[in-house]
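# fold the following, please.
(one chain, ligands or ions: 1)
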Amino acid sequence: MGDLKSSSDPQNLDWLPVEKQFATLAVHGGYGKDNKNLSSIVPPITMSATYEIDVPAVHRGYDYGRTDNLSRKILEQKLAALDGAKHGICYSSGLAAFSACLYLLKNGDNLLCSNDIYGGSVKHIMDSISRLGITVDFVDFDDLEGYKKALKPETKMVFLETPANPTLRVFDLVKISKIAHDFNKDVLVVVDNTCLTSYFQRPLSLGCDLVHYSLTKYANGHADVIMGAVITNDDSLKDRLKFYQNMTGAIPSPFDCYLVTRGLKTLPIRMKAVMESSLKVAEFLIEHPKVDAVFHPALPSHRGHELAKKQCSGHSGLMSFRIKDDAGSAIEFLRELKLFQNAGSFGGCESLAELPAFFTHLGVPKETRLLLGITDNFVRLAVGLESTEDLIEDLAQALKKC
Ligand SMILES: *Cc1c(COP(=O)(O)O)cnc(C)c1O
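This is a model prediction of the structure:
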């Protein structure tokens, strides 16, 4: 298994190095000495819905709270800085941010979508896309030849999530972007980067066009805000995404923007902590006689391990495992847990456990679920910030009783 300490250190040479200035940008991005003219060290929460403008109609930066807001702008600039990008646009949820990406498509366009993405995004696509005259094809991005064949002249967007959730499959962003852009330079490659955040993965630097986030998870980090964002370097895409933000009105509140700005300041230390802890949990589980598979990209035995090290700087606290069918019941296991709580979502301080087949992926057809290995005994863990020893002890006692 190697030296735990060094294998979970994101600065370890084995992984892509973390951007050197990342921690400084996490603290100062969007509101540092160079870009603030207020003396307060902490950014303000500006609640005003409307603004006084000069007569007859010239505004001094702000005219209406839906269009722009200082607390939101500070957060958007911090998010852009953390992805090494020019623009960040925030929305009222991760799914609202996803909608804004879909608005970039029009009648007759085709979307190529990974078969392994967030369940809510699938529901959204299935309901709205066909009604808007946009076609969608689901592809397995592990099969690059199949992906190449699926690209059509009408394909205008490729959407995927890596590592995928809850299977933790890793897809090659450099190759996927290159294939799309060689086929047609105008195809937009969009990556849902919620699971790793810009601390561990920066899709724009790997050739992708847009990064999508549910900030609800690690970015805010405290499980008390629902919010999303889209990040890009492209000025005209930014203008369109900003227009949809204003025109659909799917904007986050200034108070929530303040909370996410605050949460992001500790993103590097939180991500390092959950990586170290989740890897120790994975290493405990892999040795357990009742467990038949553990999914964590930092495990050398993980199928996507080498690729993960090439395109990421580490992994988060999201992981999964399977209890042997003849060894115990995942339902009983969940009932016995005392510290892990049975809940969806991830990225907060509290550790969570859930059974995707019964909860987050209940809507996925059973054959697709089984194809992805999501059996009834498949458990997803979101390792939080509690003492690792306590988490392992909890898993051990629940596995004994299940
Ligand atoms: C939670 C989540 C979403 C949806 O985000 P909301 O903020 O809940 O709307 C999208 N993608 C991934 C990977 C998620 O985990």
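
# for the longest helix along the chain, buried residues please.
With DSSP state H setting the assignment, residue counts place helix 267-286 as the longest helix in the chain. Of the residues in helix 267-286, those buried by neighbour count under the rule 16 or more other CB atoms under 10 Å are 267-268, 270-286. Backbone N, C-alpha and C define where each C-beta goes, glycine included.

# distance of the closest residue to the ligand within the stretch 301-402 of the chain relative to residue 119?
Among residues of the stretch 301-402 of the chain, the one nearest the ligand by CB to the nearest ligand atom turns out to be residue 345. It sits 6.3 Å away. Using CB to CB, to the nearest Å, one gets 12 Å for the distance from residue 345 to residue 119.

# how about the residues of the stretch 151-300 of the chain that lie near the ligand?
Counting by CB under 6 Å from any ligand atom, the positions of the stretch 151-300 of the chain adjacent to the ligand are 161, 165, 192, 194-195, 214, 216-217, 226, 228.

# export those residues to CSV and tack on neighbour count, distance to residue 204 and pLDDT?
What follows is these, written out as CSV (neighbours: other CB atoms under 10 Å; distance: CB to CB, whole Å; pLDDT from 0 to 100):
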residue, neighbour count, distance to residue 204, pLDDT
161, 22, 16, 97
165, 23, 21, 89
192, 27, 14, 97
194, 26, 15, 98
195, 26, 17, 98
214, 29, 18, 98
216, 24, 21, 98
217, 23, 19, 98
226, 17, 24, 98
228, 27, 17, 98
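
# any idea which helix or strand comes after the helix or strand bottoming out on mean pLDDT in the chain?
Among the helices and strands of the chain, helix 4-7 carries the lowest confidence by mean pLDDT, DSSP states H and E, at a mean of 44. Taking DSSP states H and E as the definition, the helix or strand that follows helix 4-7 towards the C-terminus is helix 22-28.

# what residues are up against the spatially most central residue of the chain?
If you average the C-alpha coordinates of the chain and look for the closest C-alpha using CA atoms, centre = their mean, you land on residue 194, 0.6 Å from that point. For residue 194, the contact set (CB atoms under 8 Å, 6 or more residues apart in numbering) comprises 94, 118, 161, 165, 212-214, 217-218, 347.

# which parts of this protein belong to which domain?
Per the record, the chain has its domains at 10-15+267-401, 22-264, by automatic domain parsing.

# in this protein, which residue sits nearest the ligand?
Among residues of the chain, the one nearest the ligand by CB to the nearest ligand atom turns out to be residue 94. It sits 2.2 Å away.

# residue 218 is in contact with that residue, correct?
No. Here residue 94 lies out of contact with residue 218, judged by CB atoms under 8 Å, at a distance of 11.8 Å.

# sorry, back to before: got a list of contacts for the longest helix of the chain?
Residues lying outside helix 267-286 but in contact with it, judged by CB under 8 Å, 6+ apart, are 1, 4-5, 7-10, 18, 22-23, 26, 82, 197, 199-200, 218-219, 221, 291, 294, 296, 298-299, 301, 314-319, 321, 381, 383-385, 388, 391-392, 395-396.

# rounded mean pLDDT for that helix, please.
The predicted model gives helix 267-286 an average pLDDT of 98.

# adjust the sequence numbering to begin at 25 for everything that follows.
All right, first residue 25 from here; so that's helix 291-310.

# dump the residue contacts of residue 369.
When contacts are counted by CB under 8 Å, 6+ apart, residue 369 touches 240-241, 247, 376, 406.

# same check on residue 238?
Applying CB under 8 Å, 6+ apart, we find residue 238 in contact with 117-119, 121, 142, 216, 218, 251-252.

# what about 10 Å?
115, 117-122, 142, 144-145, 216-219, 244, 250-253, 369-371 (CB atoms under 10 Å, 6 or more residues apart in numbering).

# the helix or strand harbouring residue 99 packs against which elements?
For residue 99, the enclosing helix or strand under DSSP H and E is helix 94-106. Judged by 3 or more CB pairs under 10 Å, 6 or more residues apart in numbering; DSSP states H and E, the packing partners of helix 94-106 are helix 46-52, strand 111-115, helix 221-224, strand 252-256, helix 259-272, helix 278-288, helix 291-310.
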